[in-house]
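Asker: Give me a model of this one.
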Amino acid sequence: MTTDRNAASGTGWPFACEWAIDQVACPAFCCTRDGGVMHSNRSAQRLWGGRPHAGDVGRWDGFAALYDAEGMPLPKSISPAARAVETGRAQAPYECIAESDDGQRRRLVIHARPVAGIGGEVVGVFCSLTDISERRRLEGELDQVGANRDVFLRILAHELRNPLAPIMTVAQTMVRMATDPRIAHMAGIVERQARQLARFVTDLLDASRIERACDVPMTMRVATVGEVVTLARDAAAAPIRARGQALCIDVDAGDERVPLLCDPERLAQALGNALINASDYSDDGAPIILSARIDGALLEIGIQDRGIGAARHQLRELFVPFRKFAHHPARMPSGAGVGLAIAKSVCDAHGGMVSAHSAGPGQGMRLKFVLPVVDVAASV
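Answerer: As a prediction, this is how the structure comes out:
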């Protein structure tokens, strides 16, 4: 270190920094105020492929070149290290692409902090590096996997949906025209199963968007609480009616008329999914309650059933896509397991939240949706 000390003569450089740099696990180094690399640890030297000469002013690091996060050349004179000396302030972590002398490029985050001398003046800069190359590579691969999955789901749903309409039409016609009760019964089975498949296909189409609430398409307009509740009731009417279950709507007349700025069809889809979920996990003939209350600036909607319930540790899994941990013992499992995930995504897109509550297995379930009541007059 004799050469480094001589190069720093008269600068007031605190040599204790060199000891500290050697103890740091990540790549770290320090520069003089004119950009000469004073000292670097072995991690930094391995990353650079060597140690730059202390007399090379204006280098600011040991890399051959720097580029910003988008790949555009970044002059060393405006690198985070140079900016820290110029401003006398620590720089925000800066993501960039660094090229070593051997041409290898890595994605790094540079942390640069000015170093003060005995008199308080800036005498140099301390820098540390975080290599995020592997993390960014894995993130890119994960994004590509997600994109491929979304394309696959859309193609699959499209191919499944095409034959459903004629199958349902023929089945309905056979139910009406059949004179043999056995044929009418079989046609009814075909119609019900086709409807179930149609629901599954719709879930697949929405599944490609449920991980990011901002991707759920919304068409905002003014609708009343009563309108949304009616749409939700209609969306779940078929399975509830088929199982002889009783849906009780508990909404005050005054709250029904409260206007909301929302996508009523999407919001009804979320509530409808929750109602269908309650129906799927409740006994035939069991009651299901949908309640709605305005509390100040919030709309609280509850959906209560007396179904199979869930253990406390399972509640968080209810809103995870494709996660199904139980089914009603008297029924075959159905659906893709994304109904409540879609409901949560729609609720998130409206700026709300949804939660699940159960006293335990066999104790029923209550889903609570909390949504902001927007001042429609101020929003128009």
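
Asker: just the strands in this protein please.
Answerer: All strands of the chain, identified by DSSP state E, fall at 28-32, 37-40, 65-68, 94-99, 105-116, 122-131, 221-224, 246-251, 259-262, 287-295, 298-305, 353-357, 365-372.

Asker: what bits of the stretch 1-150 of the chain have low per-residue confidence?
Answerer: Counting by pLDDT under 70, the ranges of the stretch 1-150 of the chain that qualify are 1-16.

Asker: all helices of it, in order?
Answerer: 2-7, 16-23, 42-48, 80-87, 133-177 (DSSP state H, counting those that start in this stretch).

Asker: Other residues contacting the third one?
Answerer: Applying C-beta atoms under 8 Å, 6 or more residues apart in numbering, the contact partners of helix 42-48 are 24-29, 40, 51, 61-63, 98, 100-101, 106, 129, 131. The C-beta positions use only the backbone N, C-alpha and C, and glycine is treated the same way.

Asker: Buried subset of these, written for ChimeraX?
Answerer: Buried subset of the contacts of helix 42-48, written as a ChimeraX selection, criterion 16 or more other C-beta atoms under 10 Å:
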select :27,28,29,40,61,62,63,98,100,106,129,131
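
Asker: So what's the residue count around Ala147?
Answerer: 11 (other C-beta atoms under 10 Å).

Asker: and what of the one 10 residues further on?
Answerer: Neighbourhood size, Ala157 [other C-beta under 10 Å]: 19.

Asker: Wait, it touches Leu164, no?
Answerer: No: contact between Ala157 and Leu164 fails when scored by C-beta atoms under 8 Å: they sit 10.4 Å apart.

Asker: shared neighbours, the two?
Answerer: Counting by C-beta under 8 Å, 6+ apart, the residues touching both Ala157 and Leu164 are Val201.

Asker: ok, back up a step: could I get the strands of the chain in JSON lines, plus columns for distance to Arg323?
Answerer: Formatted as JSON lines, these follow (distance: least, C-beta to C-beta, whole Å):
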{"stretch": "strand 28-32", "distance to Arg323": "43"}
{"stretch": "strand 37-40", "distance to Arg323": "49"}
{"stretch": "strand 65-68", "distance to Arg323": "40"}
{"stretch": "strand 94-99", "distance to Arg323": "34"}
{"stretch": "strand 105-116", "distance to Arg323": "33"}
{"stretch": "strand 122-131", "distance to Arg323": "34"}
{"stretch": "strand 221-224", "distance to Arg323": "31"}
{"stretch": "strand 246-251", "distance to Arg323": "26"}
{"stretch": "strand 259-262", "distance to Arg323": "27"}
{"stretch": "strand 287-295", "distance to Arg323": "22"}
{"stretch": "strand 298-305", "distance to Arg323": "19"}
{"stretch": "strand 353-357", "distance to Arg323": "13"}
{"stretch": "strand 365-372", "distance to Arg323": "15"}
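
Asker: closest to Met174 out of the ones you listed?
Answerer: Met174 lies closest to strand 246-251 among the strands of the chain, at 29.4 Å (C-beta to C-beta).

Asker: I'd like to know which of the strands of the chain lies nearest to Asp56.
Answerer: Closest among the strands of the chain, using C-beta to C-beta: strand 37-40, at 7.1 Å.

Asker: What pairs with that closest one, parallel or antiparallel?
Answerer: Strands that pair with strand 37-40, judged by DSSP bridges, come out as strand 28-32 (antiparallel).

Asker: about what we covered before: out of the strands of the chain, which gets nearest to Leu315?
Answerer: Nearest to Leu315 among the strands of the chain is strand 353-357 (4.6 Å), distances taken as C-beta to C-beta.

Asker: Show me which residues of the closest one are buried.
Answerer: For strand 353-357, burial by neighbour count (16+ other C-beta under 10 Å) applies to 354, 356-357.

Asker: any idea of the pLDDT on Asp375?
Answerer: Listed pLDDT for Asp375 reads 57.

Asker: re earlier: ok, and which of the helices of the stretch 1-150 of the chain has the densest surroundings?
Answerer: Most buried of the helices of the stretch 1-150 of the chain by mean neighbour count (mean count of other C-beta atoms under 10 Å) is helix 80-87; its value is a mean of 21.
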